[in-house]
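> okay, here's the prediction I keep looking at, along with the sequence it came from:
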Amino acid sequence: MKLTKSNNDQDFLSQLTFEPLTKANWGKFEHLFGTKGAFGNCWCMYYRLKKADFSEGKINDGNKDAMHNLVLENKPTGILGFYEEEPIAWCAFAPREDFMKLEKSRVHKRIDNNFVWSIPCFFIAKNFRRQGVSVEILKGIIQYAKQKNINIIEAYPTIPTKEPLPDSFAWIGLYKSFERAGFEIVDRTSKNRPMVRYYTNKETL
């Protein structure tokens with residue numbers, strides 16, 4: 001992806017745009033994830049499938065096809081980030097119950113019966129990492145949630161025990177990015193993987 005950014009990071013970040021993944025922009029998503037499906041032919045299906053099904057899906061584009069089918073069915077899957085009309089970032093975003101592994105997680109089990117949308121993972125193009133893109137896409141998600149009357153956004157980022165954290169481990173998101181976007185910790189069952197939330201409309205809770 002050969003793009004030239006402005007020398008002014010703030011100017012670059014202000015030019016980012018965000019939109020949900022749909023049938024119309026599937027090709028952009030496919031281009032961003034590339035031949036590796038982001039990481040190891042994941043295609044953002046890790047949290048959505050049983051372990052055996054996910055592993056099987058790494059072969060012959062199974063996970064890719066599974067994600068494509070969700071998009072064809074108009075199911076919410078996530079948000080794409082663009083710079084100069086090129087896809088540079090992705091953030092999974094859908095109702096918590098759509099993510100099977102979250103629903104079965106002992107560490108991140110539900111803390112109440114409220115309807116929430118979850119952010120379990122990110123993928124940012126290599127040339128655009130460590131430049132504030134994750135914070136901006138979170139802000140984009142917040143705006144999208146407000147437009148769609150989604151009241152609670154939930155996520156499960158990491159607080160690194162060592163710095164710097166390798167890019168391959170940052171796919172779940174860094175707590176400091178969520179903190180900068182206005183999220184607050186609501187559960188510390190895991191010391192290094194807190195549950196965080198953003199309430200778009202506290203009056204409705």
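That came in fine, so what should we check first?
> burial check on Gly140, number of neighbours?
Under the neighbour criterion other CB atoms under 10 Å, Gly140 is assigned a count of 21. Every C-beta, even on glycine, is put in place using the N, C-alpha and C of the backbone.
> that one: what's its closest spatial neighbour, skipping adjacent residues?
Sequence neighbours aside, Phe18 is the residue nearest to Gly140 in space, at 3.4 Å (criterion: CB to CB, 6 or more residues apart in numbering).
> could you do Lys58 as well?
Sequence neighbours aside, Asn41 is the residue nearest to Lys58 in space, at 4.2 Å (criterion: CB to CB, 6+ apart).
> how much space separates that neighbour from Lys64?
7 Å (CB to CB, to the nearest Å).
> what do you get for Glu56?
Here Glu56 is placed at a distance of 13 Å from Lys64 (CB to CB).
> what do you get for Cys44?
Spatial separation of Cys44 from Lys64 under the definition CB to CB is 10 Å.
> of those two, give the one with the bigger neighbour count.
Between Cys44 and Lys64, counting by other CB under 10 Å, Cys44 is the more crowded of the two (28 against 20).
> who are the contact partners of the more buried one?
For Cys44, the contacting residues are Phe33, Ala38, Met67, Thr77, Gly78, Trp90, Ala92, Cys121, Phe123, by CB atoms under 8 Å, 6 or more residues apart in numbering.
> count of residues packed around the second one?
In this case it means Ala38. Applying other CB under 10 Å, we find 20 residues neighbouring Ala38.
> also the third one?
The number of residues packed around Met67, counting by other CB under 10 Å, is 26.
> I'd like the next helix or strand past the helix or strand harbouring it.
Using DSSP states H and E, Met67 sits within helix 62-72. Once helix 62-72 ends, the next helix or strand along the chain (criterion: DSSP H and E) is strand 78-83.
> for the protein, which segments count as helices?
Using DSSP state H, the helices of the chain run over 9-14, 26-33, 51-57, 62-72, 100-103, 133-147, 175-180.
> in JSON lines: those, plus mean pLDDT.
Written out in JSON lines, the entries for the helices of the chain read as follows (pLDDT from 0 to 100):
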{"stretch": "helix 9-14", "mean pLDDT": "78"}
{"stretch": "helix 26-33", "mean pLDDT": "97"}
{"stretch": "helix 51-57", "mean pLDDT": "96"}
{"stretch": "helix 62-72", "mean pLDDT": "98"}
{"stretch": "helix 100-103", "mean pLDDT": "96"}
{"stretch": "helix 133-147", "mean pLDDT": "96"}
{"stretch": "helix 175-180", "mean pLDDT": "96"}
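> looking at these, which is closest to Glu84?
Evaluated with CB to CB, these place helix 9-14 nearest to Glu84, the distance being 9.8 Å.
> the residue nearest to Gly140: neighbour count?
Neighbouring residues of Phe18 were enumerated by other CB under 10 Å; the total is 18.
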